[in-house]
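> Sequence first, then the predicted structure:
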Amino acid sequence: MRRPTPCLHLERRPSSFYWRRRVPKFFSENASSRFFVFSLKTNVVREAEVLARRLTWLSSLAFDYSRGFANMETGLMERVLTELVRFEIAASDQARAVAPERTRKEAQMAAQRELALQDTLREALLLRNREVARAPVQAAAARLGVNIMTNEENWMVIAYEATRVLLDLSVERSQRDQGVFSDRSRFFEVAMKADVAPSMPAYRAEPTAIAVHAAPVAQVIAEPATATTSAPVSAPLTASEPIQPSPSKATKKASLKLSEAYEKYSEARLAGKEGKRPEELAVKANAKLMIDVIGDKQLGDLTKADFIEAFSIIQRVPAKHGKSSKEVRTIREIVEATDFEEQKNKALVRAQLKKTGASQGNIEAAEHQENIARLRVNTVYRHMQDAQRVVRYMEALGYLSENFMENVIWSKGELERLEILQEDNSRKIWGDELPKLFRTPLFQGQITDIGDPLFWAVIIAVLHGLREEEVLQLRTDDIRTENSIVFFDIKVGAQWQRLKSKAATRRVPLHDSLIALGFLDLVALRRREGEDRLFPHLKRGKNRRTLSENFTKDFTRFRKANHVYEKRIDFHSFRTQFNVEQIKARTDSELRHILMGHEIETVNLKHYRGDGHDLAYLHEIVQRVDIDVSMIKSPFADGNNAKVSDLQATRKRLRVV
């Protein structure tokens with residue numbers, strides 16, 4: 001006989017669930033059956049409670065979300081995200097309107113970058129990664145003067161919606177960039193909605209009179225009709241009536257491009273017609289940067305907005321920009337790619353660390369490591385100064401009607417504030433790292449070229465405070481002797497030699513430690529070989545055409561390979577070390593400036609270049625640099641193997657030792 005199936009009945013009682021069991025008597029008397037019913041009852045109750053709690057939480061969350069989002073002021077999210085959209089669209093439209101002509105390849109690359117951005121945003125939505133929206137949301141909130149970081153829930157909701165907004169923005173930018181607009185031009189709409197047709201404007205062409213029927217559209221400029229510049233509206237112009245030329249000042253403005261303005265300024269500076277400081281002669285780097293960002297526009301077409309936008313971009317230029325001769329991208333493309341890479345890396349790091357349960361402090365520290373170094377504040381400010389000099393000069397000549405750099409260049413207070421806020425990347429001295437450097441194989445006898453500049457340039461710099469290029473461009477004739485004192489004669493003795501300033505021309509006596517290591521043997525060797533340069537095999541860089549360009553990269557690779565690399569310690573740190581050693585020896589500032597070739601406004605240095613101090617005294621000052629080089633093995637330690645012998649150099653070296 002078939003047994004009846006156990007039945008469970010759910011009854012609703014106030015404030016609780018009550019289970020009433022309906023089973024046959026014979027079934028309930030069985031122990032195993034009783035245990036089965038009890039277990040089933042317990043599990044169902046537990047699942048029902050969990051389900052009820054989830055439904056309550058979801059309904060509350062949905063209700064909060066429908067109102068905007070939880071605990072946030074009504075309409076605030078809408079204000080922030082609307083501001084984000086309006087700003088981004090306006091900024092992209094402005095950038096597109098003033099951008100120079102581009103090739104089809106450049107347009108395709110821009111489209112590919114936008115698609116890559118969209119893929120990243122979709123991935124962020126997939127992974128619930130809200131970090132991609134942090135910077136845009138904070139910037140939009142800052143423009144509105146509001147604070148949205150009231151709690152974690154607020155941030156999660158607005159960041160999610162902002163990520164969707166950013167995706168929509170990217171799609172819209174991509175379409176507009178290809179000439180596909182969701183609405184018609186506002187000027188077209190105004191013209192179509194006008195009740196009364198506007199009066200016929202007068203026309204003029206630049207720079208010479210052109211007949212109306214022959215005037216190209218690009219050369220025709222509309223102006224308000226006046227009695228002196230145009231015929232009455234009722235008397236339309238005919239082909240026989242020439243258009244009046246523009247005023248002379250406007251013609252003059254339109255006759256010069258930005259590149260020509262920089263050339264004109266440089267010519268005037270070289271001729272000594274403008275300014276007082278000799279270091280202002282070099283504006284080539286600024287000219288290249290500004291023309292790349294703004295475009296080689298006619299001066300008459302420039303606006304203050306061009307310079308505001310230019311320096312907002314220049315501040316984001318990577319610090320390593322210009323160090324690769326293979327770079328073909330524009331500044332804007334480089335900045336966009338750098339921003340995208342930095343944001344992507346930060347988002348990935350944050351997502352990974354959040355999965356592992358890392359603390360907020362460690363997440364922020366890891367994100368900070370993904371920051372890509374940009375131009376330093378002082379570098380940007382120097383570009384501002386150079387641009388302002390050119391703009392002022394063009395204004396003085398009448399090519400510009402106003403100084404577009406006014407209120408664009410930072411004030412002294414703004415500069416100081418930005419210097420304080422930027423990360424401390426100031427150069428450090430070698431200090432305790434110097435003995436580690438001297439114990440690397442190169443300085444311990446494992447050297448294949450006895451004239452290796454990696455060996456000699458380091459020792460020359462740290463013992464004498466010479467600049468990197470000053471050391472590398474030394475000629476054999478630059479090592480001279482006067483009254484038995486050997487010295488570096490730092491000057492421009494050849495067309496390819498360069499000095500930073502007039503004060504860099506100086507005489508620096510050789511340190512005894514350099515002579516003891518056999519430096520004069522190297523000089524004698526180069527002279528016998530007929531070499532003009534002390535380091536004849538160094539090659540110039542492709543970008544700046546300096547010897548230091550490639551050498552710096554070699555020195556960095558050398559330090560990394562030998563585990564003596566630190567970001568804030570480089571070749572110039574030897575020069576800093578020299579200055580610190582002189583300060584420790586109580587050397588007064590004037591003598592330090594003389595030996596290091598610094599600019600200083602004193603009568604002795606300005607007019608006599610420190611010639612009031614004789615070589616014997618300067619030799620004594622140089623010896624104050626107390627750097628232990630005893631662990632260094634000289635490449636000329638074995639004169640026979642090196643096949644070098646110079647009686648005078650040997651005597652000098654032995655006398656020092």
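Nice, thanks for sending it over.

> Only C-alpha atoms from now on, for both contacts and neighbour counts.
Fine.

> Return the residues in contact with residue 130.
Residue 130 sits next to 124, 156, 159-160, 163 when contact means C-alpha atoms under 8 Å, 6 or more residues apart in numbering.

> ranges for the helices of the stretch 451-600 of the chain?
453-464, 468-472, 512-516, 519-529, 547-561, 572-584, 589-596 (DSSP state H, counting those that start in this stretch).

> right, and those helices - which one's nearest residue 362?
When these are compared by C-alpha to C-alpha, helix 547-561 sits nearest residue 362, at 26.5 Å.

> Could I get the buried residue list for the closest one?
547-552, 555-556, 558 (16 or more other C-alpha atoms under 10 Å).

> again with stretch 563-576
By neighbour count on 16+ other C-alpha under 10 Å, the buried set for stretch 563-576 is 565, 569-576.

> and that stretch, how far apart are its ends?
21 Å (C-alpha to C-alpha, to the nearest Å).

> Over to stretch 523-541?
End to end - C-alpha to C-alpha - stretch 523-541 spans 25 Å.

> just the strands in the stretch 201-350 of the chain please.
Along the stretch 201-350 of the chain, the segments classed as strands by DSSP state E, counting those that start in this stretch run 202-205, 220-223.

> ok, back up a step: nearest to residue 396, of the buried residues of stretch 563-576?
The nearest member of these to residue 396, counting by C-alpha to C-alpha, is residue 572 at 39.7 Å.

> Does the closest one touch residue 471 like I think?
No: in this structure residue 572 lies outside contact range of residue 471 using C-alpha atoms under 8 Å: 11.4 Å.

> which residues are in contact with the one helix or strand residue 361 maps to?
Secondary structure from DSSP states H and E places residue 361 in helix 360-369. For helix 360-369, contacts defined as C-alpha under 8 Å, 6+ apart pick out 346, 349-350, 353-354.

> and these, which are buried?
Buried, going by 16+ other C-alpha under 10 Å: 346, 349-350, 353, out of the contacts of helix 360-369.

> ok, these vs residue 284, which is closest?
When these are compared for distance to residue 284 (C-alpha to C-alpha), residue 346 wins out at 35.3 Å.

> Any figure for the gap between residue 479 and residue 520?
Distance of residue 479 to residue 520, computed by C-alpha to C-alpha: 9 Å.

> One more: residue 322?
In this structure, residue 322 and residue 520 are 37 Å apart, going by C-alpha to C-alpha.

> of those two, who's got more company?
Taking neighbours as other C-alpha atoms under 10 Å, residue 322 and residue 520 compare with residue 520 leading, 21 against 12.

> one step back: turn the buried residues of stretch 563-576 into TSV, including distance to residue 332 and pLDDT.
What follows is the buried residues of stretch 563-576, written out as TSV (distance: C-alpha to C-alpha, whole Å; pLDDT from 0 to 100):
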residue	distance to residue 332	pLDDT
565	32	90
569	31	89
570	30	89
571	31	92
572	31	90
573	33	91
574	36	93
575	35	91
576	35	90
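
> count of neighbours near residue 182?
9.

> count of residues packed around residue 132?
Residue 132: 23 surrounding residues under other C-alpha under 10 Å.

> wait, what's in contact with it?
Residues in contact with residue 132 (C-alpha under 8 Å, 6+ apart) are 121, 124, 163, 343-344, 347.

> nearest to residue 371, of those?
Minimum distance to residue 371 across the contacts of residue 132 is 8.7 Å, recorded for residue 343 (C-alpha to C-alpha).

> Now do the same contact list for that closest one.
Neighbouring residues of residue 343 by C-alpha under 8 Å, 6+ apart: residue 132.

> ok so, going back, which stretch in the strands of the stretch 201-350 of the chain is the model least sure about?
Lowest mean pLDDT within the strands of the stretch 201-350 of the chain: strand 220-223, at a mean of 35.

> Convert stretch 585-605 to CSV, retaining C-alpha atoms only.
Extracted in CSV, the C-alpha atoms of stretch 585-605 (Å, rounded to 0.1, in the frame of the first residue of the first chain):
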residue,chain,number,x,y,z
ALA,A,585,85.3,73.5,4.2
ARG,A,586,84.0,77.0,4.9
THR,A,587,84.8,78.3,1.4
ASP,A,588,83.1,81.6,0.8
SER,A,589,80.4,81.9,-1.8
GLU,A,590,82.3,84.0,-4.3
LEU,A,591,85.1,81.4,-4.6
ARG,A,592,82.6,78.6,-5.0
HIS,A,593,80.8,80.6,-7.7
ILE,A,594,84.1,81.2,-9.5
LEU,A,595,85.1,77.5,-9.5
MET,A,596,81.6,76.3,-10.5
GLY,A,597,81.0,79.0,-13.1
HIS,A,598,77.9,80.4,-11.5
GLU,A,599,76.3,83.7,-12.5
ILE,A,600,76.6,86.2,-9.7
GLU,A,601,76.2,90.0,-9.6
THR,A,602,79.5,91.1,-8.0
VAL,A,603,81.9,93.6,-9.5
ASN,A,604,84.8,91.0,-9.4
LEU,A,605,82.9,88.3,-11.2
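
> Report the buried residues of that stretch.
Buried residues in stretch 585-605, counted by 16+ other C-alpha under 10 Å: 587, 591-599, 605.

> Apart from its chain neighbours, what residue comes closest to residue 438?
In this structure, residue 438 finds its nearest non-sequential neighbour in residue 632, 6.2 Å apart by C-alpha to C-alpha, 6 or more residues apart in numbering.

> these two touch, right, the one you found and residue 437?
No: Residue 632 sits out of contact with residue 437 when judged by C-alpha under 8 Å, with a separation of 10.0 Å.

> hmm, back to that, among the helices of the stretch 451-600 of the chain, which is nearest residue 303?
Each of these has some distance to residue 303 by C-alpha to C-alpha; the shortest is helix 547-561, at 36.5 Å.

> If you count contacts, what does that closest one end up packed against?
Contacts defined by 3 or more C-alpha pairs under 8 Å, 6 or more residues apart in numbering; DSSP states H and E place helix 547-561 against helix 468-472.

> list the buried ones in the helix it packs on?
Those would be 468-472, for helix 468-472 by 16+ other C-alpha under 10 Å.

> now for it, which elements pack on it?
Helix 468-472 is packed against helix 453-464, helix 547-561, with contacts defined by 3+ C-alpha pairs under 8 Å, 6+ apart.

> closest to residue 315 out of those?
Of all those, helix 547-561 comes closest under C-alpha to C-alpha, at 23.3 Å.

> what's next to that closest one, contact-wise?
Residues from elsewhere that reach helix 547-561, judged by C-alpha under 8 Å, 6+ apart: 437, 454, 468-469, 472-473, 538-541, 565, 570-571.

> Please repeat the previous calculation with a cut-off of 7 Å.
454, 468-469, 472, 538-541, 565 (C-alpha atoms under 7 Å, 6 or more residues apart in numbering).

> and the residues you listed as a markdown table, adding distance to residue 445?
Formatted as a markdown table, these follow (distance: C-alpha to C-alpha, whole Å):
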| residue | distance to residue 445 |
| --- | --- |
| 454 | 13 |
| 468 | 23 |
| 469 | 26 |
| 472 | 22 |
| 538 | 21 |
| 539 | 25 |
| 540 | 27 |
| 541 | 29 |
| 565 | 21 |
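
> Which of these scores worst on pLDDT?
The minimum pLDDT among the contacts of helix 547-561 falls on residue 541, with 86.

> The stretch 351-500 of the chain: strands as residue ranges?
Counting by DSSP E, counting those that start in this stretch, the strands of the stretch 351-500 of the chain are 479-482, 485-490.

> Pull out the buried positions in the longest one.
Put plainly, it is strand 485-490. Of all the residues in strand 485-490, those buried under the rule 16+ other C-alpha under 10 Å are 486-490.

> sorry, back to before: looking at the buried residues of stretch 585-605, which two lie furthest apart in space?
Going by C-alpha to C-alpha, the pair spanning these furthest: 587 and 599, at 17.1 Å.
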